[in-house]
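Trainee: sharing a model prediction with you, sequence too.
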Amino acid sequence: MKTFRDHDALCGLALPTADMELRNLVATRLSQCREYECPDLSSLLHIVVLEEGDTPDELDTELGFTTVHNRWTGLAPDAKDFTPSWDVLEEHTHWFELVFVISDDGFGVLVFVPKQNVDSLTALCNQYAKSAITHET
């Protein structure tokens, strides 16, 4: 897992050069944040990139809240009234992109989840990404 929390780390992201999709996604998000003319990107966002083998529990520890259960209600994905806690889920070719808005000022955390992971978070992303596609048609 790679976490980018401060301005210098966000501006000089050390991402795998072979993963052009991830590099382009992150570059696009950073460019969008720069439109706010904020001198310190870390006051707008943090970025977490999961790597193959990282677990949802490790991500929860990193973020300080649960990502698979609803972070406000504590409901598990199999509960009747469950809804995920992310604010945005975007599906890309090799990645899921989760956005968690943390505060009223718009500060958020972007989490990039590789689709090849086999875990409860990836399964949840798959389920809700497919559900969104089904509802659009």
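Mentor: In hand now; what should we look at? Numbering: from 1, shown residues only.

Trainee: just the pLDDT at residue 134, thanks.
Mentor: Residue 134 is assigned 44 on the pLDDT scale.

Trainee: what's the answer for residue 97, then?
Mentor: At residue 97 the predicted local confidence, pLDDT, stands at 95.

Trainee: if I look at the nearest residue to it once chain neighbours are set aside, how far off is residue 53?
Mentor: Of all residues beyond its chain neighbours, the one nearest residue 97 is residue 90 (4.3 Å), with distances taken as CB to CB, 6 or more residues apart in numbering. In short, each C-beta sits where N, CA and C put it, glycine included. Going from residue 90 to residue 53 by CB to CB, to the nearest Å gives 23 Å.

Trainee: quick one: contacts for the spatially closest residue to residue 36 that is not a sequence neighbour?
Mentor: Spatial nearest neighbour of residue 36, excluding adjacent residues (CB to CB, 6+ apart): residue 44 at 6.6 Å. With contact taken as CB atoms under 8 Å, 6 or more residues apart in numbering, residue 44 is in contact with 33, 36, 38, 106-108.

Trainee: cool, residue 88 as well?
Mentor: Here residue 88 is in contact with 97-99 (CB under 8 Å, 6+ apart).

Trainee: hmm, try it at 7 Å
Mentor: With contacts defined as CB atoms under 7 Å, 6 or more residues apart in numbering, residue 88 is in contact with residue 99.

Trainee: list the beta-bridge partners for it.
Mentor: When assigned by DSSP bridges, residue 88 has beta-bridge partners residue 99.

Trainee: ok, it to residue 129 distance?
Mentor: When distances are taken as CB to CB, residue 88 and residue 129 turn out to be 11 Å apart.

Trainee: buried sites along stretch 9-28?
Mentor: Applying a neighbour-count criterion of 16 or more other CB atoms under 10 Å, the buried positions in stretch 9-28 are 9-10, 15, 19, 22, 25-26.

Trainee: the strands in the protein, which residues?
Mentor: With DSSP state E, the ranges of strands along the chain come out as 2-4, 45-49, 88-91, 95-101, 108-114.

Trainee: for residue 74, which non-adjacent residue is spatially closest?
Mentor: Distances taken as CB to CB, 6+ apart place residue 66 nearest to residue 74, at 7.8 Å, with adjacent residues excluded.
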